[in-house]
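Novice: Prediction below, plus the sequence it came from.
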Amino acid sequence: MATQPLAAPRGLVLQLEERINESVVHCSGTITAENCEVFNSKIRELIPQSRGHATAITCRIVLDLSRVTRIDSTGLGALLGAWTAAQKRSCELEIANINPRVQNVVDATKLDTVFKKLRDIFQ
């Protein structure tokens, strides 16, 4: 499927791919203090603002981190903040395709216990 750019904050490129029942955000570059505000804002824009009681729509956002080369503590905070916002709206937020360097940071900070649905997706 075709992707569309979400934003190009300093050092980070975000591409949105809409799939059936999920939105995939392909992230490239770094998620750091320099760009985490824009990152967090763009991800939160994908979270539905309200959920009707009769609506049976599955909301899932997958962050493809395969091309993220570095993440700092502020970037980790942005990931956690986006996950919290999604949970409040009954929306699933997953991280996928984590490169080994970023995976080490996620494991060291125990965020792997929050993001339990780590998975690989086709690119």
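Specialist: That came through fine.
Novice: Would you map the helices across the chain?
Specialist: Assigned by DSSP state H, the helices in the chain fall at 36-45, 73-88, 100-108.
Novice: In JSON lines: those helices, plus mean pLDDT and mean neighbour count.
Specialist: For every residue, glycine as well, the C-beta is placed using N, CA and C. Converted to JSON lines, the helices of the chain look like this (pLDDT from 0 to 100; neighbours: other C-beta atoms under 10 Å):
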{"stretch": "helix 36-45", "mean pLDDT": "90", "mean neighbour count": "18"}
{"stretch": "helix 73-88", "mean pLDDT": "92", "mean neighbour count": "17"}
{"stretch": "helix 100-108", "mean pLDDT": "89", "mean neighbour count": "14"}
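Novice: among those helices, which is nearest R10?
Specialist: helix 36-45 (8.3 Å; C-beta to C-beta).
Novice: N21 is nearest to which of the helices of the chain?
Specialist: helix 73-88 (14.6 Å).
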